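Trainee: Everything below, folded, please.
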Amino acid sequence: MTSQLNVDTIVDKAGSGGSNVKMANTSTYVSDGGNVSQNTVQGLAKAWLNYNQSTPVIDDSFNVTSVADNSAGNFTPTITNVFSNAHYTLPSISTGMHIQQSGTPTTSTYTLQAKNQSGSATDGEHSGSFHGDLA
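Mentor: The predicted model follows:
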């Protein structure tokens with residue numbers, strides 16, 4: 001027997017605000033157009049980072065323990081809750097630079113190289129989100 005709950009707002013028992021909601025790994029959502037459903041948990045960013053390598057300092061992050069500043073433009077974020085394998089993605093953005101993978105990713109680290117438009121390794125402000133399956 002299945003059931004459906006239709007509500008406008010979910011709040012805590014005291015009625016004072018938000019609530020904790022737990023979802024199973026099989027939870028799905030319906031796409032904007034209503035034609036496709038996808039797995040909610042798989043679609044979430046598992047970690048993200050805003051790192052200023054010029055300083056160097058992590059400006060903000062989620063599920064990132066630290067960043068090793070290896071050399072000019074070369075840095076390695078360390079993930080707090082590791083991935084199940086090394087086949088996750090890291091779309092990165094750097095102002096006026098190109099980011100590429102440098103070395104072999106592991107379940108907890110991903111070394112990156114930032115280069116300016118003329119191809120020289122350079123420090124800067126980098127942002128990125130990690131997508132994949134956590135262990």
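
Trainee: Residue 131 against residue 63, yeah?
Mentor: No. The criterion here is C-beta atoms under 8 Å, and residue 131 misses it with residue 63 at 11.7 Å. Backbone N, C-alpha and C define where each C-beta goes, glycine included.

Trainee: Find the residues that touch each one of those two.
Mentor: With contacts defined as C-beta atoms under 8 Å, 6 or more residues apart in numbering, the residues shared by residue 131 and residue 63 are residue 46.

Trainee: Give me the contacts around the lowest-mean-pLDDT helix or strand in the chain.
Mentor: The least trusted helix or strand in the chain, going by mean pLDDT, DSSP states H and E, turns out to be strand 92-94, with a mean of 73. With contacts defined as C-beta under 8 Å, 6+ apart, strand 92-94 is touched by 99, 112, 114, 124-128.

Trainee: Can you select the buried ones from these in PyMOL?
Mentor: Of the contacts of strand 92-94, the buried ones can be selected in PyMOL as follows, counting by 16 or more other C-beta atoms under 10 Å:
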select buried, resi 99+112+114+124+125+126+127+128
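
Trainee: The contacts of strand 92-94 in strands, which ones?
Mentor: Mapping those onto strands (DSSP state E) picks out 99, 112, 114, 125-128.
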